[in-house]
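In: What follows is a predicted protein model with its sequence.
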Amino acid sequence: MRGAELIKNLSIDMLLNKLEEHLYVADRSLATALYLAIKMKKPLLIEGEPGCGKTEIAKVLAEILETDLIRLQCYEGLDASDAIYEWNYPKQLLYIRLLESQGSMKDVESEIFSERFLLKRPLLAAIMHEGEVPPVLLIDEIDRADEEFEGFLLEFLAEFQATIPEIGTIKARQQPIVILTSNRTREVGDGLKRRCLYYYQSYPSRERELKILKLKVRGLPDNVVEKIVDFVNLIRQRQDILKKPGISESIDWATALAKLSAKDLTRDIVQSTLPCIVKTQEDLQRLDIDSMLSMLGGRST
Amino acid sequence: MNLYTFVTDLSRVLRKYGLKVGISESIDACEAISLVAGGGVQDLLTAIRVTMVKDPTRYHLIEEAIQEVASGAGGGGDRGESEGQEGEQAGSLRGGAQRGKGQEQERVSTQYVMYSPAEALHKRTLRPLDVTKLRTGRRIIRRMKRRLAVLPGRRSKYSKHGEIEFKRTIRESFKTFGEIVEFKRTLKTLTRARLVALIDISGSMDTYTDWLVRAMYLFSRFTRRVEIFVFSTRLRRVTDYLLVSNLEEIRRRLSEELDLWGSGTRIGYCLKTFLESYGNLVDKTWVVIIVSDGWDTGEPELLRESIEMLRQRVSRIIWLNPHSDKPGFKPLTIGMLTALPYIDILAGTSIMEDYHSFLTFFGKSIKPMKRSSYQARYGVSARPI
């Protein structure tokens, strides 16, 4: 089924199946939120712990709908010109030099301020997208951007248009599917939240994480996968750990163990691969691998 | 009950629980619920969560709210403050009309016996903010920002290290007839910090209420990235209440919408909640100011664990204790004793009121203070007591 047709006949169950076909194991609630965002044509703000698949969902959605993923990575100091458009100054200068040498400087202004010399940044690219299916616009880590940029986004997300003084106002032919993500390093403003649907992505349940690992990492015995999930969950429960491992860390760890052809979680193997999931020196010192492994052993029996 | 009545009643109840549910949320909820119709309870709950409850820490309220709406109390549950003034009169009129029908008792029972997840907490009518004291406070807070700075600002100064400054290098080279002898370098000066203020508004801090409100206001003007929380038995983020320019509006919001005034204190529990819910917020570029007298009814061990965690995450912890200004003060409350090894500065509230008191504490310099200098200067023990 093509993307446009898929959007038309979309249902929550269909979306769940499609997500799983593309190796993304989602909760029904996440599928519902995505379904509502597509049907209601509203941006979806996904908040949650780092490494829980927030960015991945946008990528997978673009794959499912067979459309382009346009990504805007936010950072401190990001401003509207980085996000919408810029003029290609070197190209404009070269063109002027060329015209000078040819001696035909007529209409130079209208030519150098035309679409040819426009560098489309993600937001403009999203609204100028030409295709049957709307693109997926991922505005990643919005919490890292300044509040001014968030204020600017309010207008953009309401109108889906951009104004370039030399060319005019460009309005989106079809509204992109917008997904915003945030790691909650700061609270996103109420205005933005009001304009978006909201979904909170927390750590997955044990069963779901098992399913994810089995789908994503091949060649690991089931008992090792189970132990990986339990071990990671034990770390997540600890209050004194600064950076708790997300699903992406579990996948990394499982991949590492698969590459090492591990048959069991032994002390040596855990010791050498622990940096895949624990990423600060303090946390590494705090973890007592022996006692954690013995807890796992006790649990499995 | 049709969809529109259900959503309107639900949004009223949710507003009563302190959630920001506006008209646009209600419209979205109507559309979302009709889209997932026939999909089961779980889908309905997700639709409500996605459109109306945009705060994961409040998800537990949804089912309670739905029950309240279903029990029929939701419709009248929050006729709101606007009807509050005439509430009693209207109530007696309604009562009078219904008494004949024998329905009075039923009406009362739905209103008073029902369980509500919103705890019985206290609101308080606050006095207007003292503008003269705020003026001094602003001056102090500006200076405090410079002293606590941990982040580079816009300005730079010449230094042996840092980036090469071409303008100055070229200018200096004129002295040697255009020959560049040495590179001049600049470093950005530290002028910024981010602030989290955790302010205790429990019963034991009652005497200082006016000061606490002023402190909340002043801290919210510390720098651009500020988060203000208040706590007693629970933790509540109040940054949004304070980010308006009108002082009267701030006073009104803190009086009418904040209901944690004057209850008990669970510092450890509240710090733990902060770390769990807002832990991603803070890192080494943040300064934490805790305002509390240290009277804690919770477990000291929980406080110790939480503050130790906080210590690792943030650059500085400053504890303002209102009793610390009194002569002969010793930090002997359980909270203070537990937290003392982990805090950088223990000061009295007078540093926010009196400029000279601030200067004696923070020194006259405007350069950023080094962390080690706090402990040496103010004798806060670095070892657990």
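Out: Right, received. Where do you want to start?
In: Using the three-state scheme, assign A:N17.
Out: helix (DSSP: H, G, I helix; E, B strand; the rest coil).
In: so how many other residues sit close to it?
Out: Per other C-beta atoms under 10 Å in any protein chain shown, the neighbour tally for A:N17 reads 13. C-beta coordinates here come from the backbone N, C-alpha and C atoms, glycine included.
In: What residues does chain A have near chain B?
Out: Taking C-beta under 8 Å from any C-beta of the partner chain as the criterion, chain A approaches chain B at residues A:12, A:28-29, A:32-33, A:35-36, A:39-40, A:42, A:45, A:47, A:49-50, A:147, A:183-187, A:190, A:193-195, A:197-200, A:202, A:239-240, A:242, A:282.
In: Now a ChimeraX select for only the buried ones of the residues you listed.
Out: Once 16 or more other C-beta atoms under 10 Å in any protein chain shown is used to decide burial, the buried members of these can be selected in ChimeraX as follows:
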select /A:12,28,29,32,33,35,36,40,42,45,47,49,50,183,184,185,186,187,193,194,195,197,198,199,200
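In: From the residues of chain A next to chain B, which land in strands?
Out: When strands are assigned by DSSP state E, the members of those inside them are A:L45, A:E47, A:L197, A:Y198, A:Y199, A:Y200.
In: re the thing from before, mind listing which of the residues of chain A next to chain B are in helices?
Out: Mapping the residues of chain A next to chain B onto helices (DSSP state H) picks out A:12, A:28-29, A:32-33, A:35-36, A:39-40, A:147, A:190, A:193-195, A:282.
In: and the two most separated of the residues you listed?
Out: Farthest pair in these (C-beta to C-beta) is A:K39 and A:E282. Separation: 45.8 Å.
In: All the strands of chain B, in order from the start?
Out: Taking DSSP E as the criterion, chain B carries its strands at B:151-159, B:163-164, B:185-192, B:194-200, B:226-231, B:235-237, B:286-291, B:316-320, B:345-347.
In: residues in contact with the most centrally placed residue in chain B?
Out: When chain B is reduced to its mean C-alpha position, the nearest residue by C-alpha atoms, centre = their mean turns out to be B:F229, at 1.7 Å. Remark: with contacts taken as C-beta atoms under 8 Å, 6 or more residues apart in numbering or on different chains, B:F229 is in contact with B:V196, B:A197, B:L198, B:I199, B:L235, B:R236, B:R237, B:V238, B:T239, B:F274, B:Y278.
In: again, only this time at 6 Å
Out: When contacts are counted by C-beta atoms under 6 Å, 6 or more residues apart in numbering or on different chains, B:F229 touches B:L198, B:L235, B:R237.
In: which other residues reach stretch A:243-251?
Out: Under C-beta under 6 Å, 6+ apart, the answer for stretch A:243-251 is A:E49, A:P50, A:G51, A:C52, A:G53, A:K216, A:V232, A:I235, A:R236, A:I277, A:K279, A:T280.
In: what's near enough to touch the fifth one?
Out: I take that to be A:G53. With C-beta under 6 Å, 6+ apart, A:G53 has these contacts: A:I247.
In: Next: the third one.
Out: Applying C-beta under 6 Å, 6+ apart, we find A:G51 in contact with A:G246, A:I247, A:S248, A:E249.
In: Once you drop chain neighbours, what's closest to it?
Out: The shortest distance from A:G51 to any residue other than its chain neighbours is 2.2 Å, reached at A:G246 (C-beta to C-beta, 6 or more residues apart in numbering or on different chains).
In: just the strands in the stretch 101-250 of chain A please.
Out: Residue ranges of the strands in the stretch 101-250 of chain A, as given by DSSP state E, counting those that start in this stretch, are A:118-120, A:136-140, A:161-164, A:168-171, A:177-182, A:197-201.
In: Quick one: mean pLDDT over the shortest one.
Out: The average of the pLDDT scores along strand A:118-120 is 90.
In: same question, the longest one
Out: Over the span of strand A:177-182, the pLDDT mean works out to 94.
In: just the third one next, same as before
Out: What strand A:161-164 shows for mean pLDDT is 86.
In: Please enumerate residues in contact with it?
Out: If you take C-beta under 6 Å, 6+ apart as the criterion, strand A:161-164 is touched by A:I84, A:L124, A:T169, A:I170, A:K171.
In: ok so, going back, nearest to chain A among the contacts of B:F229?
Out: Minimum separation from chain A among those (C-beta to the nearest C-beta) is found for B:R237, which lies at 7.2 Å.
In: number of nearby residues for the closest one?
Out: B:R237 sits with 17 neighbouring residues when counted by other C-beta under 10 Å.
In: Can you name the residues bridging to it?
Out: Beta bridges link B:R237 to B:F229 when assigned by DSSP bridges.
In: measure B:F6 to B:R49 for me?
Out: Between B:F6 and B:R49 the distance is 15 Å, computed by C-beta to C-beta, to the nearest Å.
In: So which of the two has more stuff around it?
Out: When neighbours are counted by other C-beta under 10 Å, B:F6 and B:R49 differ, and B:R49 comes out ahead with 23 against 18.
In: Out of the strands of chain B, the one nearest B:S34 is which?
Out: B:S34 sits nearest to strand B:235-237 of all these, at 32.9 Å, using C-beta to C-beta.
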